[in-house]
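**Student:** take this sequence and fold it.
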Amino acid sequence: MISHVLITGITGQDGAYLAKLLLEKGYQVYGLLARRSTDTLWRLRYLDIADRVHLIDGDLTDLSSLIRALEKSQPSEVYNLASQSFVATSWEQPLLTAQMTGLGALHVLEAIRLINPKIRFYQASSSEMFGLSADKIQNERTLFHPRSPYGVSKLFAHWATINYRESFGIHASSGILFNHESPLRGIEFVSRKITDGVAQIKVGKAKKLFLGNLEAKRDWGFAGDYVQAMWLMTQQSQPADYVVGTGRSASVGDFAQMAFATAGMDHREYVQIDPSLLRLAEVPHLECDASLARDKLGWKPKTSLEELVKMMVEADLKRWTGTA
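**Tutor:** Sure, this is the predicted structure:
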């Protein structure tokens with residue numbers, strides 16, 4: 001019997017990689033599609049799976065559309081990956097972020113409770129919930145201190161997931177994922193901004209790359225590796241929450257240095273600080289202790305930071321040279 005799965009945020013970076021993984025595992029994949037005026041299907045086309053997934057119109061802010069999506073897809077697993085996910089935007093649009101990222105997850109959980117509480121649920125939590133952490137290295141026992149409306153909204157969704165697990169017995173798990181990047185990352189995120197900027201400078205389309213805080217450290221991994229951890233969480237006999245990352249942190253400046261070096265350039269000649277790009281409340285250091293995911297799920301990252309940066313730079317160079 002073919003298992004059905006519903007993915008919210010299927011047109012995003014994680015949704016596209018997860019859809020590809022689940023198709024390879026034999027699932028029939030449904031995706032919730034919030035209609036936008038821009039092209040949102042390019043990632044699915046990039047992975048050559050656009051014609052293999054079933055798209056259902058719906059929105060996280062509309063409970064009735066989520067109920068209809070569950071009735072139509074009849075999933076055994078639901079992965080909630082949709083959100084307003086850009087941290088900087090969350091200060092400009094805090095209410096939208098709370099509606100989409102926070103209450104949106106609650107809407108999905110409530111739809112599952114009403115339609116079929118036996119559905120297994122995955123919530124995309126975020127390392128941004130740790131924020132100004134007192135611990136240099138974060139794990140499942142680390143206290144939360146979010147520093148943005150995005151982090152606060154993700155924390156609401158995280159605790160809602162725990163509450164529905166404990167109150168209604170739903171197999172609901174959260175993956176607290178640290179920074180995960182890829183050639184499918186949105187251009188507004190600093191990792192992709194760097195690699196795209198390197199490519200533009202390399203081909204003569206730009207002269208400088210403007211960045212904010214070069215000292216902020218993050219635990220960077222490859223999104224294609226991390227979706228495997230998502231799936232493994234829903235396969236466990238008991239639901240739980242797991243942090244997922246590489247256990248290695250590097251600064252934004254380090255990432256830029258690697259990216260320019262990949263293209264044979266010195267980042268010091270091209271990177272310029274723009275104070276307007278600094279966050280209102282910075283998160284200085286995030287680094288993951290993913291030993292629980294390693295021990296319980298058997299998961300560990302396959303892609304090094306150097307391999308990730310090289311992959312992204314080469315993909316952006318192909319885009320700018322027209323060879324992609």
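
**Student:** count of neighbours near residue 186?
**Tutor:** The number of residues packed near residue 186 is 13, by other Cβ atoms under 10 Å. Every C-beta, even on glycine, is put in place using the N, C-alpha and C of the backbone.

**Student:** ok, now which ones touch it?
**Tutor:** Residue 186 is in contact with 12-13, 86, 192, counting by Cβ atoms under 8 Å, 6 or more residues apart in numbering.

**Student:** now swap in residue 66 and tell me
**Tutor:** 32, 58, 60, 107-108, 111.

**Student:** try residue 122
**Tutor:** So residue 122 contacts 77-80, 172-175, 230, 233-234 (Cβ under 8 Å, 6+ apart).

**Student:** let's see 7 Å
**Tutor:** If you count contacts by Cβ atoms under 7 Å, 6 or more residues apart in numbering, residue 122 has them with 79-80, 173, 175, 230, 233-234.

**Student:** who wins on neighbours among the residues you listed?
**Tutor:** Going by other Cβ under 10 Å, residue 79 tops those with 30 neighbours.

**Student:** on the three-state scheme, that residue is what?
**Tutor:** Using DSSP: H, G, I helix; E, B strand; the rest coil, the structure places residue 79 in strand.

**Student:** and it, what pLDDT?
**Tutor:** In this prediction, residue 79 carries a pLDDT score of 98.

**Student:** of the contacts of residue 122, closest to residue 214?
**Tutor:** residue 175 (28.4 Å; Cβ to Cβ).

**Student:** parallel or antiparallel, list what pairs with the helix or strand hosting the closest one.
**Tutor:** For residue 175, the host element (DSSP states H and E) is strand 172-177. Strand pairing for strand 172-177, using DSSP bridges, gives strand 120-126 (parallel), strand 241-244 (parallel).

**Student:** in the helix or strand that comes right after the first one, what counts as buried?
**Tutor:** Just to be clear, that refers to strand 120-126. Where DSSP H and E defines the elements, the next helix or strand beyond strand 120-126 is helix 149-168. Residues of helix 149-168 classed as buried by neighbour count (16 or more other Cβ atoms under 10 Å): 149-162, 164-165.

**Student:** can you name the two of the residues you listed that sit furthest apart?
**Tutor:** 149 and 165 (24.9 Å).

**Student:** any regions of this structure where pLDDT drops low?
**Tutor:** Within the chain, the segments meeting pLDDT under 70 span 37, 324.

**Student:** in space, what's closest to residue 76 - neighbours in sequence excluded?
**Tutor:** Using Cβ to Cβ, 6 or more residues apart in numbering and skipping the chain neighbours, the partner closest in space to residue 76 is residue 3 (5.0 Å).

**Student:** hmm, back to that, got the contacts of residue 186 as TSV, with secondary structure columns?
**Tutor:** Below are those laid out as TSV (three-state DSSP):
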residue	secondary structure
12	coil
13	helix
86	coil
192	helix
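
**Student:** show the buried residues in those.
**Tutor:** 12-13, 192.

**Student:** out of the residues you listed, who's nearest residue 290?
**Tutor:** Taking the buried ones among the contacts of residue 186 together and measuring to residue 290 by Cβ to Cβ, the closest member is residue 13, at 19.6 Å.

**Student:** who's in contact with the nearest residue to the closest one once chain neighbours are set aside?
**Tutor:** Excluding the flanking residues, the one nearest residue 13 by Cβ to Cβ, 6+ apart is residue 184, at 4.4 Å. Applying Cβ under 7 Å, 6+ apart to residue 184 gives the contacts 13, 16, 43, 46.

**Student:** export those residues to TSV and tack on distance to residue 66 and secondary structure?
**Tutor:** Listed next are the contacts of residue 184 as TSV, based on distance: Cβ to Cβ, whole Å; DSSP: H, G, I helix; E, B strand; the rest coil:
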residue	distance to residue 66	secondary structure
13	22	helix
16	20	helix
43	22	helix
46	27	helix
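
**Student:** most surrounded residue in the residues you listed?
**Tutor:** Highest count within these by other Cβ under 10 Å belongs to residue 16, 30 neighbours.

**Student:** the stretch 1-150 of the chain: helices as residue ranges?
**Tutor:** 13-24, 42-46, 63-73, 87-92, 94-97, 104-115, 149-168 (DSSP state H, counting those that start in this stretch).

**Student:** which among those is found nearest to residue 208?
**Tutor:** Judging the helices of the stretch 1-150 of the chain by Cβ to Cβ, what sits closest to residue 208 is helix 87-92, at 19.8 Å.

**Student:** any idea how far residue 271 lies from residue 114?
**Tutor:** Distance of residue 271 to residue 114, given as Cβ to Cβ, to the nearest Å: 51 Å.

**Student:** and residue 93, by the same measure?
**Tutor:** Applying Cβ to Cβ to residue 93 and residue 114 gives a distance of 29 Å.

**Student:** higher neighbour count, the two?
**Tutor:** residue 93 (15 against 12).
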